[in-house]
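> dropping the sequence and predicted coords here.
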Amino acid sequence: MAVLRPHLALTVTDVDRAVPFYEALFGTTAEKRKPGYAKLSVVQPALNLTLTQGERTELGAFNHAGIQVETTEDVLAAKERLVAAGLAAFDELDTTCCYARQDKVWVRDPDGTPWEVFVTHEDTEEHGDGGLAVAEGTACGCADHEPGDCCGTVRACCAA
């Protein structure tokens, strides 16, 4: 799998206030700015950083992490690897998320931390509704449960 860079998504209370901080921290400018959203492609260290405006949840500022790959085949290979390891993975193919058309697969670690493996095909003008499966808790990180079987919180679902 050809990994382009790790992905870190942070929930911030005010994107317009956060962007100058992260631009200064990483010495780069945001390559994509939309209402309530910004994306920075950091060269060194290689990082795809997104900032989404919203209320912080039980994860605090952390929203999700991911691995950006080159092709849909890389996404599907990651899904096969995760399922072979006994993990439940939920895919979203040809979805619009974060102002981009993407193919992705979601999985959660044993503590409920959401991870995605994704490829971006093109930018869009719509934010989209991709990623809702993780937000709604339907993509457990344990093989004992089928997607949709979660009781609303991954910790409760996967603790069984």
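Yes, it's here.
> quick one: the strands in this protein?
Taking DSSP state E as the test, the strands found in the chain are 3-12, 32-34, 37-42, 47-53, 62-69, 90-97, 100-108, 114-123.
> residues in contact with the last one?
Contacts with strand 114-123, where a contact means CB atoms under 8 Å, 6 or more residues apart in numbering, come from 7, 32, 63-72, 74-75, 78-79, 99-109, 131, 134, 139. For glycine as for every other residue, the C-beta is placed from the backbone atoms N, C-alpha and C.
> pLDDT-wise, which helix or strand of this structure ranks last?
Least confident element among the helices and strands of the chain, by mean pLDDT, DSSP states H and E: helix 154-158 (a mean of 29).
> re the thing from before, for ChimeraX, what selects the buried ones among the contacts of strand 114-123?
Burial among these is assessed by 16 or more other CB atoms under 10 Å; the matching ChimeraX selection reads:
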select :7,63,64,66,67,68,69,72,74,75,78,79,99,100,101,102,103,104,105,106,107,108,131,134,139
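> what number of residues lie near residue 30?
20 (other CB atoms under 10 Å).
> now do the contacts for it.
Contacts of residue 30 by CB under 8 Å, 6+ apart are 19, 22, 23, 38, 39, 40.
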